[in-house]
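> Prediction below, plus the sequence it came from.
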Amino acid sequence: MSEPMILTEEIGRVGIITLNRPKALNALSGALIDELLAALRSYNKNPDIGAIVLRGNGKAFCAGADIKEQKELDFVGAYNTDYLKNLNDGIFAIHKPIIGAINGYALGGGCELAMMCDILYAGKSAVFGQPEIKLGTIPGAGGTQRLIRAIGKSKAMHMILTGDTIKADEAEAAGLVAKIFDDQETVKEAIETAQKIASFSAPVIAMAKEAVNEAEELGLKSGLHFESRLYHSSFGLADHSEGFGAFLQKRQPEWAHK
Ligand code: CAA
């Protein structure tokens, strides 16, 4: 029987998903994407899981779209199967926070997959890039849209038009990743942060994630309106009374909704 392309493990309220195609540097084959989305959806509906960590097995996080598979795809094949759009759309529908723990290469679709995560932690070996230009194509899983939002136009254009890569320290300075660590610490730190996030009220965490993500979709006025609506909705939750009450009674809150 062949190895699963995705491994899952639960530690406390954190679901850990490992891309497990190390011989192909965890390249995004159709089969891997299907397994990844299935694992994410399963954690998304599991009430015992509050946050997700995504990592790669071996020396890469992910080296991008599977070059052998993409080589065989023509326009009709890509269009009819929503090639890689299915990955973007699938991850967009996950309400629980996803922390990307990135060691090694995050190239092409791998850099784009990293940017689909909500928080990025990177090991010092991490290398980010959009090398599609060297293959005669352009980033196709969000790179042209998300990179500019993460690091600004000039740096994003530079990476996309030259195919040049950036290392972890530059990625941190540019705002692409939240924190960098020695490689052996990256996953551990990501899990610790995920545990912290998973200890808060689950619906409030989902609201906060949705509101922040909407900032990329909406103008300021509409975004502030959207935020107010979610903020006021949170007043209706038992967790709102509990959180405010616990503060005033100088005790730890006990969330009704985990
Ligand atoms: N797809 C399929 N297989 C890949 C792959 C990919 N994206 N990247 C690496 N591999 C395979 C290699 O073919 C090789 O397989 P074999 O052992 O069978 O020959 C194996 O992984 C190990 O790779 P290397 O021997 O090349 O390892 P290296 O350490 O010498 O180099 C690397 C590492 C610099 C990351 C190099 O593998 C590389 O440049 N990979 C391609 C990166 C890339 O161009 N990604 C973009 C893909 S297109 C895309 O992602 C489109 C999009 O927008 C979604």
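Perfect, thanks for sending it. Residues are numbered from 1 along each chain as shown.

> ok, now which ones touch the closest residue to the ligand within the stretch 101-250 of the chain?
Proximity of the stretch 101-250 of the chain to the ligand (C-beta to the nearest ligand atom) peaks at Gly108, 2.5 Å away. For every residue, glycine as well, the C-beta is placed using N, CA and C. Applying C-beta atoms under 8 Å, 6 or more residues apart in numbering to Gly108 gives the contacts Ala63, Gly64, Ala65, Gly129, Gln130, Pro131, Glu132, Pro139, Gly143.

> In helices, which of these fall?
The helices, defined by DSSP state H, take in Gly143 from the contacts of Gly108.

> Can you say which of the contacts of Gly108 are also within reach of the ligand?
Ala63, Gly64, Ala65, Pro131, Glu132, Pro139, Gly143 (C-beta under 6 Å from any ligand atom).

> and those, which of them are in strands?
The members of these all map outside strands under DSSP state E.

> Output those in JSON lines, with pLDDT and neighbour count appended to each entry.
Output for the ones next to the ligand among the contacts of Gly108, formatted as JSON lines (pLDDT from 0 to 100; neighbours: other C-beta atoms under 10 Å):
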{"residue": "Ala63", "pLDDT": "98", "neighbour count": "25"}
{"residue": "Gly64", "pLDDT": "98", "neighbour count": "30"}
{"residue": "Ala65", "pLDDT": "98", "neighbour count": "30"}
{"residue": "Pro131", "pLDDT": "98", "neighbour count": "19"}
{"residue": "Glu132", "pLDDT": "97", "neighbour count": "24"}
{"residue": "Pro139", "pLDDT": "97", "neighbour count": "25"}
{"residue": "Gly143", "pLDDT": "97", "neighbour count": "22"}
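
> can you put those in JSON lines and add distance to Ser234?
JSON lines is the format used below for the ones next to the ligand among the contacts of Gly108 (distance: C-beta to C-beta, whole Å):
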{"residue": "Ala63", "distance to Ser234": "41"}
{"residue": "Gly64", "distance to Ser234": "39"}
{"residue": "Ala65", "distance to Ser234": "39"}
{"residue": "Pro131", "distance to Ser234": "42"}
{"residue": "Glu132", "distance to Ser234": "41"}
{"residue": "Pro139", "distance to Ser234": "36"}
{"residue": "Gly143", "distance to Ser234": "34"}
